[in-house]
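> Kindly return the folded structure for what I paste below:
(2 chains)
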Amino acid sequence: MAHAAPKTGYSSMLPSNSSTVRTEASVPVPSARTPENTTEIYTYIAKPQPDRYPQIIYNGDRQNAKVTLTLETAGPCSVGNKQNIYPVLSGKGVLLETGVPLTLTIAKGNRIWIASTAANRVKVEVQPIPWQEQIVAIITAILGKVGHK
Amino acid sequence: MSYPQPSADGYALNGYQFFRLNTLLSSPGDIYESTQSSQAFALGPDSDISRVNVAYYDDQAINPSNPALATFMNQATVAPSRSFLGRIDAQNQETYSPSKRPARILIWSDDIWDPSYVPSAAAGYAAGDHVLPITPRLDVLQYFQAQPGLNPRRSDKQYDFTFYEGDSKATWIVIPAYGRKYGYVSCLNKNLALAYTFRVIGVTYSLTGVATETVIHSGALALNASVTVSDFLGNAPSPSGSFDALVISITSDGGASPCRVYLSDEP
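Numbers count the residues shown, from 1 in each chain, chains lettered A, B, ... in the order given. Below is the predicted model:
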């Protein structure tokens, strides 16, 4: 599949190899400047918020990832993919258990919110799923060819 | 104890497995707090206080006969015979009622302490005698991770006294003995020339300020003579089965009379 070349002299904001042909499906290759498939390991400190607005513990805007959360202290902490997880013990989110890892597969564009009534330590491990990107790209390309024909 | 008290948050955020509230009491009405939730509460190994109250937020703790008097506060008592396993949440964003104070975990002594206690004349106290009170220590462990089981037995305590006011007036040493099931007192008279009356008294404090005194031993102690008093705990009138304090009376004319007091939770 041939990609349309960017116009000469035009400073394109599109990632490289992106197609401007509307009838052809394409997926931009990952940026060579900034790595998108990054493994992250850190300890997050969840704090009670006076306004009861949850915090974002993981922002999955850039990649599909498997995120493992492990509460190290007594809690209570709850997590969810929506902002309305207060009150913490209401069941709107998922309550973390001390010492028990909770693994979530987060699609690109989703976030994990966390709410807590006390200061707590949460171990965070982010494992990217790069093959998911490739599968999506291949499927998109196949559909593009089928649609084009 | 110095204020502010240690913060449980600091221990939790620094990766400790527990918060230890280990402090001398500064008043009979001391109330301590924790803003951290807990997976277990237990008495610490160095605690003189044998019964500690723990209060926490419970939205079910209402007065069914008068909901307007709901406190949303529940409490438990930890002691050498019983720790508390299970998650207690510090609901810092809720409030107790009617105080409207943040619903932190509150900790205080259930044992009565009278820092101004002075032995009675019936016990042998005379004007001019010296009173040396040993301040009770409160030692509580708050665990941040679940514990499979806890043995909250306290460490045995041993006190050694050697030097006293050498003005031939009695020195009354008040030693915390809350919840102790066994103890012995051993003393050797190494005065320069003075024989005196050696006393061991069991004290039970009361809210009225008038303590109950039980004379365990009262007898003359000659020069270079020793005395050992033991096996006197377990028959005391206080509810815990022991005295709140042991008082020993020693008179010195400048001599150094070694005296050992040993207390244990083991009967």
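> Pull the contacting residues for B:Phe161.
B:Ile173, B:Ile250, B:Pro258, B:Cys259, B:Arg260, B:Val261 (C-beta atoms under 8 Å, 6 or more residues apart in numbering or on different chains). Every residue, glycine included, has its C-beta placed from N, CA and C.
> From chain A, how far out is the second one?
So the one you mean is B:Ile250. 47 Å (C-beta to the nearest C-beta, to the nearest Å).
> Just the pLDDT at that residue, thanks.
On the pLDDT scale, B:Ile250 is placed at 94.
> For the contacts of B:Phe161, work out which two are farthest apart.
Pairwise distances across the contacts of B:Phe161 (C-beta to C-beta) peak at 13.0 Å, for the pair B:Ile173 and B:Pro258.
> quick one, which of the two is more surrounded?
B:Ile173 (20 against 14; other C-beta atoms under 10 Å in any protein chain shown).
> In a helix, the more buried one, correct?
No. Assigned with DSSP: H, G, I helix; E, B strand; the rest coil, B:Ile173 falls outside any helix and is strand.
> near chain B, which residues of chain A?
By C-beta under 8 Å from any C-beta of the partner chain, the residues of chain A that approach chain B are A:45, A:48, A:50, A:52, A:72-76, A:89, A:98-99, A:117-121.
> Filter these down to the buried ones and hand me the PyMOL line.
Here is the PyMOL command that selects the buried residues among the residues of chain A next to chain B (16 or more other C-beta atoms under 10 Å in any protein chain shown):
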select buried, chain A and resi 48+72+73+74+75+76+89+98+117+118+119+120+121
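> Just give the closest residue to the residue nearest the centre of chain A, not the sequence neighbours.
Taking C-alpha atoms, centre = their mean, the centroid of chain A lies closest to A:Gly60, which sits 1.7 Å from it. Excluding its sequence neighbours, the residue lying closest to A:Gly60 (C-beta to C-beta, 6 or more residues apart in numbering or on different chains) is A:Ile106, at 4.4 Å.
> and that neighbour, how many neighbours?
19.
> right, and it touches A:Ile57 too?
No. In terms of C-beta atoms under 8 Å, A:Ile106 does not count as a neighbour of A:Ile57; the distance is 10.8 Å.
> Identify the contacts common to the two.
Shared contacts of A:Ile106 and A:Ile57, counting by C-beta under 8 Å, 6+ apart, come down to A:Ile112.
> so B:Met73 bridges to which residues?
B:Tyr57 (DSSP bridges).
> meant to ask about B:Ser34, not that
Beta-bridge partners, per DSSP bridges, of B:Ser34: B:Ile105.
> who's in contact with it?
B:Ser34 touches B:Ala8, B:Phe19, B:Leu21, B:Ala90, B:Arg104, B:Ile105, B:Ile107, B:Gln142, counting by C-beta under 8 Å, 6+ apart.
> hmm, which of those are the buried ones?
B:Ala8, B:Phe19, B:Leu21, B:Ala90, B:Arg104, B:Ile105, B:Ile107, B:Gln142.
> and which of those is nearest to B:Phe41?
B:Gln142 (5.8 Å).
> And the one helix or strand that closest one maps to, what does it pack against?
If you go by DSSP states H and E, B:Gln142 is part of strand B:137-143. If you count contacts as 3 or more C-beta pairs under 8 Å, 6 or more residues apart in numbering or on different chains; DSSP states H and E, strand B:137-143 packs onto strand B:18-24, strand B:38-43, strand B:52-57, strand B:105-109.
> Mean neighbour count, those: which tops it?
strand B:38-43 (a mean of 25; mean count of other C-beta atoms under 10 Å in any protein chain shown).
> between that one and strand B:52-57, how big is the angle?
Inter-element angle recorded for strand B:38-43 and strand B:52-57: 160 degrees (by axes from the mean of the first three to the mean of the last three C-alpha atoms, to 10 degrees).
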